[in-house]
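Asks: Sharing a sequence plus its predicted fold:
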Amino acid sequence: MSGRFGSTATLLALAALSVGSFLLVETEAASLVVGLAAVAIALVKASLILNRFMHLEWRHRPFAPLLLAWLGIVGVILGGGLCALPWKAPTHIPVAVNDRTLPFEIIK
Amino acid sequence: MHGQPGAGNLRERDRTLPGDPGVFFFITADMAMFAVFFLLFMVGQFQDPEGYRASRAALDPVLGLTNTLILVFSGWWMVRAVEAGREGDWRHARTRVLAAMLFGSAFALTKGYEYYAKVSAGVTLTSSEFFGYYFAFTGIHFLHFVLGIGVLAVTVGKLAKPEGAKTLVWLESAAAYWHMVDLLWMVLFPMLYLAGGTA
């Protein structure tokens, strides 16, 4: 894909991914998976900008490999940083299940 | 302007680095500096996850998303400007750089509003470590943005009197710089506004 359609498709993909990561974090309970997904989406967006907007390709040495390495390093920093944080399992789901099931189980 | 002398040679440039190597060196070095910033932030968050989570809750992610969409749309106009420039269509290239500036300027408005709202609420650089980093990183990014707007303004001037391949290199370099501003925000947005630990 090149030319106007290529750049417009990239624009739409970037906008959809941005809104998607926002909705993911806003609607889901905070968890490691959601945090990692938001970071992964950001890295996909960054690589789209490098490849589709900046038109950087592997043959553009040394800058394209360096910037791709930058993406990997940032992924490790952000992903590793999130993994190192204390995460609690969402509590609202088990509570809701208990509210519905436990009383009936006890009555039986 | 379309198809003016030299336009064919301009398309040959598609096989070379899209911009000045010096600009790409600057971009790479600048992005390395931001990687260090990201590391500092994640180490700080590891040491005080609750403090960072509480501070992050005071940010408005809708504004962060708005800024993301503004920069992406502005970046798209720069891509279109480079596409026109490679065809030797300098008039459209100039109009599209102006559009990129116009849409990009909205970032200054939303960021200015966000800073104003925070400072009005008593949240400053010294309120917490999180906000220290927030103001420092977004402030440095904002300086890059202001410099980018200046570069785009110079580009508009250069496109009024195009000089073939020389002008195209300038246009591509300006676009690469502008995309770097965009790209850095793509990482700052989830790091500052979205992803953090649970209470």
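Replies: Arrived safely, thanks for sending.
Asks: So what's the residue count around the residue in chain B that chain A sits nearest to?
Replies: Residue of chain B nearest chain A, by C-beta to the nearest C-beta: B:Met42 (3.0 Å). For glycine as for every other residue, the C-beta is placed from the backbone atoms N, C-alpha and C. Per other C-beta atoms under 10 Å in any protein chain shown, the neighbour tally for B:Met42 reads 20.
Asks: Then the one 3 residues further on?
Replies: Applying the criterion other C-beta under 10 Å, we find 25 residues in the vicinity of B:Gln45.
Asks: what ranges do the helices span in chain A?
Replies: A:3-27, A:32-48, A:63-83, A:92-107 (DSSP state H).
Asks: In contact with whichever residue of chain A sits closest to chain B, which residues?
Replies: Ranked by C-beta to the nearest C-beta, the top residue of chain A for proximity to chain B is A:Gly81, at 3.0 Å. Shown in contact with A:Gly81 (C-beta atoms under 8 Å, 6 or more residues apart in numbering or on different chains): B:Phe41, B:Met42, B:Val43, B:Gln45, B:Phe46.
Asks: Who are the packing partners of whichever strand or helix holds B:Arg91?
Replies: Taking DSSP states H and E as the criterion, B:Arg91 maps to helix B:90-120. Under the contact definition 3 or more C-beta pairs under 8 Å, 6 or more residues apart in numbering or on different chains; DSSP states H and E, helix B:90-120 sits against helix B:61-86, helix B:129-160, helix B:165-189.
Asks: Mind checking the ones you listed for the one nearest to B:Ser105?
Replies: Closest to B:Ser105 of those is helix B:129-160 (C-beta to C-beta; 6.9 Å).
Asks: What residues of the closest one count as buried?
Replies: Using 16 or more other C-beta atoms under 10 Å in any protein chain shown as the test for burial, helix B:129-160 gives B:129-131, B:133-135, B:137-138, B:140-142, B:144-145, B:148-149, B:151-152, B:155-156, B:158-159.
Asks: and that helix, how far from the chain's centre?
Replies: 7 Å (C-alpha atoms, centre = their mean, to the nearest Å).
Asks: And for stretch B:68-75?
Replies: Here stretch B:68-75 is found 8 Å from its chain centre; the criterion is C-alpha atoms, centre = their mean.
Asks: what does stretch B:78-95 give?
Replies: 19 Å.
Asks: and if you look at stretch B:124-134?
Replies: For stretch B:124-134 - counting by C-alpha atoms, centre = their mean - the centre lies 22 Å from the chain centre.
Asks: So which residues make contact with that stretch?
Replies: Stretch B:124-134 has contacts (C-beta under 8 Å, 6+ apart) with B:37, B:40-41, B:44-45, B:48, B:51-52, B:54-56, B:59, B:118, B:123, B:135-136, B:192.
Asks: That stretch - what's its average pLDDT?
Replies: Average pLDDT, stretch B:124-134: 94.
Asks: One more: stretch A:83-103?
Replies: Rounded mean pLDDT across stretch A:83-103 is 58.
Asks: Many thanks, I have nothing further to ask.
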